[in-house]
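A.B. asks: need coordinates for the below:
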Amino acid sequence: MASLKALKIRIGSVKSTQKITKAMKMVAAAKLRRAQEAAIAARPYALRLEQVMASLASKVTVSESSPKLLAGTGKDQVHLLVIATSERGLAGAFNSNIVRAARRKAEELERAGKTVKFYVAGKKGRVIKRFFPTQILADHEMSHIKTVAFADAKAITDDLIARYEAGEFDIAHLFYARFQSALVQEPVGRQIIPVALPSAANDVAASSATAAVEYEPDEESILAALLPRNIAIQIFGALLENAASEQGSRMTAMDNATRNAGDMINRLTIQYNRSRQAAITTELVEIISGAEALK
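C.D. replies: Presented below is the predicted three-dimensional model:
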């Protein structure tokens, strides 16, 4: 009887857990739609701004007088890895994949003889301290953020630029998860400081070959003004991608947990019924045996 009671309690406990995971799945699904729309809506602006930056950069000569955010410090010894994660768990491998990508990059840089520091934006990114306990440059508090706003990205950007200008690092890389679907969130690492302008300049130059563009004021002034905003936009886009990726990953994880709970309930119910049947059979045998003994 004790085992039957324990099984009944366990079945009830798993059913309660199943109700929680099902509710969390529904909440994540509702939040996912809004977060996905925001992430997708931000992509064209970020892409177009990168193209404008590339077009401007192709028209100026990078020199010592160029903005530091474009020209760099002249060194590439100290690398800062900005790890953007969520504040909450129960989101599958969403956070661990971002941290793993940053950790691989850090190990690669250290093998090349570089100095690596970390800038953590999000509570779940703090797990990197287990592997690099003395290399955390800053831990940006984000627990107060309910819905990602541009002001949140601007605060991180201002802090990073201030540290860059103070000489705390030479190159900054941003790690986050790019949203593709509720099932797929791709960990991404990209250089954000100094602003990397790769093949985009060639693409824009080709597309604008037939168009003459005049800038007021001059290209250097516009570029200097746009560089900090471009970094803020890239970080804002990363936070929006993270928000959508987090909800998608959580919805998938809670769906799997709900189905696993259902499978466990079925197994426990079968076990309970078998144990109960065995107990009833044993009682019947005892009753019959007792009746036979009285004859």
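A.B. asks: now the helices for the stretch 51-200 of the chain?
C.D. replies: Secondary structure of the stretch 51-200 of the chain by DSSP state H, counting those that start in this stretch: the helices cover 68-71, 94-111, 150-165, 200-207.
A.B. asks: give me the helices and strands touching the top helix by length along the chain, please.
C.D. replies: Secondary structure of the chain read by DSSP state H shows that its longest helix is helix 219-294. Secondary-structure packing of helix 219-294 (3 or more C-beta pairs under 8 Å, 6 or more residues apart in numbering; DSSP states H and E): helix 2-57, helix 68-71, strand 78-84, helix 94-111, helix 150-165, strand 171-179, strand 185-193. Where you see a C-beta, it was placed from the backbone N, CA and C, and this is true even at glycine.
A.B. asks: for the record, mean pLDDT for that helix?
C.D. replies: Model confidence over helix 219-294, given as mean pLDDT, is 88.
A.B. asks: give me the distance from that helix to the chain's centre.
C.D. replies: 19 Å (C-alpha atoms, centre = their mean, to the nearest Å).
A.B. asks: between that helix and helix 94-111, how big is the angle?
C.D. replies: Interaxial angle, helix 219-294 versus helix 94-111 (axes from the mean of the first three to the mean of the last three C-alpha atoms, to 10 degrees): 120 degrees.
A.B. asks: mind listing what's buried along stretch 260-276?
C.D. replies: 261, 264-265, 268, 272 (16 or more other C-beta atoms under 10 Å).
A.B. asks: wait, stretch 114-131
C.D. replies: Here stretch 114-131 shows 116-125, 127-128 as buried, counting by 16+ other C-beta under 10 Å.
A.B. asks: export the residues you listed to CSV and tack on pLDDT?
C.D. replies: Below are the buried residues of stretch 114-131 laid out as CSV (pLDDT from 0 to 100):
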residue, pLDDT
Val116, 94
Lys117, 95
Phe118, 95
Tyr119, 95
Val120, 94
Ala121, 93
Gly122, 90
Lys123, 91
Lys124, 92
Gly125, 91
Val127, 92
Ile128, 93
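A.B. asks: quick one: which of the residues you listed is nearest Asp218?
C.D. replies: Checking those against Asp218 by C-beta to C-beta gives Tyr119 as the nearest, at 33.2 Å.
A.B. asks: ok, the closest one to Arg104 distance?
C.D. replies: According to C-beta to C-beta, to the nearest Å, Tyr119 and Arg104 sit 17 Å apart.
A.B. asks: now do the same contact list for Val14.
C.D. replies: Contacts here follow C-beta atoms under 8 Å, 6 or more residues apart in numbering; on that basis Val14 touches 261, 264-265, 268.
A.B. asks: from memory Leu137 sits against Leu80, does it?
C.D. replies: Yes - at 6.3 Å, Leu137 counts as touching Leu80 under the criterion of C-beta atoms under 8 Å.
A.B. asks: now for these two: what residues contact both?
C.D. replies: Shared contacts of Leu137 and Leu80 (C-beta under 8 Å, 6+ apart): 117-119, 163, 168-169.
A.B. asks: could you list the buried residues of stretch 166-181?
C.D. replies: Across stretch 166-181, burial judged by 16+ other C-beta under 10 Å covers 168-179.
A.B. asks: let's have these in a markdown table, adding distance to Ile9 and pLDDT.
C.D. replies: Formatted as a markdown table, these follow (distance: C-beta to C-beta, whole Å; pLDDT from 0 to 100):
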| residue | distance to Ile9 | pLDDT |
| --- | --- | --- |
| Glu168 | 56 | 92 |
| Phe169 | 55 | 93 |
| Asp170 | 59 | 93 |
| Ile171 | 56 | 93 |
| Ala172 | 53 | 94 |
| His173 | 50 | 95 |
| Leu174 | 48 | 95 |
| Phe175 | 44 | 96 |
| Tyr176 | 43 | 95 |
| Ala177 | 39 | 94 |
| Arg178 | 44 | 93 |
| Phe179 | 41 | 94 |
